[in-house]
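Engineer: sequence? don't have it. structure:
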């Protein structure tokens, strides 16, 4: 099946290229609020967040930390609102997001990104479905070269539980998706009983991508191909259109191509376009597909 794919350089808070109810699956991993390596992305994208970080350097108040966290989720909420608009009735949104732990103002705390995202998406109108807990076996803190808990090493009670799981949040728009009787593409996309039992379980143990030293590579290696491939097969059928509003290194596009789905991806960082094109052409060269790269006008880039 020849599939069509669009890569759009632009901010996904606005998706004028997409009509209402025009995509069947949203599959993405956004920048995680309060994770240090994504600070610069939020600062560059939103002047309010930049001003708040500057304010924190001056007042060092806990309230300012809260305001930064709120502003980051406010930024993402505008994307989730637009995502809801373009998702079709019965369509599924899969959002891979991790919580953050961080010390600011000499205070260590957890920032529960997954719960804030659930609260935001339910207010928008999404129906929350049972989520998937992705356990990343490669994540483990070190204490003098050995695995240990964070905090004061081996001495209770001031240690911290390791954050070694991320959340794959699942939402539906509206009622169950409907199909004609014995829909051909739906049956062609069917899973075996073994696949169904392996995929539709709440805890996944999937090895994370090894993080590289460069900041650009680090922040785009959000999730491995296996995660995108699983979710694509679980929640869409052949010929569907898959949207990723935070495309990064184009893992979602690759999964769509290999599973005979169409796709649309938004990426705000133009430096990634060359590497995205090389990756797609190299890893899917044996499959029939067409890719269109679209650069927006300046007024829609930021």
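Structural biologist: Here it is on my side, so go on. Fair warning: this is a prediction, and the values are worked out from it, not measured in the lab.
Engineer: other SSEs contacting the longest helix along the chain?
Structural biologist: The longest helix of the chain (DSSP state H) is helix 62-86. Applying 3 or more Cβ pairs under 8 Å, 6 or more residues apart in numbering; DSSP states H and E, we find helix 62-86 packed against helix 39-45, helix 47-59, strand 87-97, helix 113-124. To be clear about C-beta, it is placed using only N, CA and C from the backbone, and glycine gets the same treatment.
Engineer: average pLDDT across the second one?
Structural biologist: In this model, helix 47-59 has a mean pLDDT of 97.
Engineer: quick one: the longest helix of the chain to helix 47-59, angle?
Structural biologist: Using axes from the mean of the first three to the mean of the last three Cα atoms, to 10 degrees, one finds that helix 62-86 and helix 47-59 are set 170 degrees apart in direction.
Engineer: does the residue lying closest to residue 179 once chain neighbours are set aside sit in a helix, a strand or a coil?
Structural biologist: With Cβ to Cβ, 6 or more residues apart in numbering as the criterion, residue 179 has its nearest non-adjacent residue at 5.3 Å, and that residue is residue 186. Counting by DSSP: H, G, I helix; E, B strand; the rest coil, the backbone at residue 186 sits in helix.
Engineer: residue 186 against residue 178, yeah?
Structural biologist: No: in this structure, residue 186 is not within contact of residue 178 by Cβ atoms under 8 Å, at 10.7 Å.
Engineer: who's more crowded, these two?
Structural biologist: The neighbour count for residue 186 versus residue 178, taken as other Cβ atoms under 10 Å, is higher for residue 186 (15 against 8).
Engineer: what pLDDT is listed against that one?
Structural biologist: The model's pLDDT for residue 186 equals 96.
Engineer: and the gap between it and residue 94?
Structural biologist: 19 Å (Cβ to Cβ, to the nearest Å).
Engineer: what about the helices in the stretch 101-250 of the chain?
Structural biologist: 113-124, 184-188, 193-199, 215-220, 225-235 (DSSP state H, counting those that start in this stretch).
Engineer: okay, these, which one's buried deepest?
Structural biologist: helix 225-235 (a mean of 21; mean count of other Cβ atoms under 10 Å).
Engineer: which residues touch that one?
Structural biologist: Helix 225-235 is touched from outside by 25, 27, 92, 94, 96, 134, 168, 170, 189, 191, 195, 199-200, 204, 206, 242, 251-252, 254-256, 258-259, 261, with contacts defined as Cβ atoms under 8 Å, 6 or more residues apart in numbering.
Engineer: whichever of those residues end up buried, select them in ChimeraX.
Structural biologist: Listed next is the ChimeraX selection for buried residues among the contacts of helix 225-235, using 16 or more other Cβ atoms under 10 Å:
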select :25,27,92,94,96,134,168,170,189,204,206,242,251,252,254,255,256,258,259,261
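Engineer: which of the contacts of helix 225-235 fall in strands?
Structural biologist: Within the contacts of helix 225-235, residues falling in strands by DSSP state E are 25, 27, 92, 94, 96, 134, 168, 170, 204, 242.
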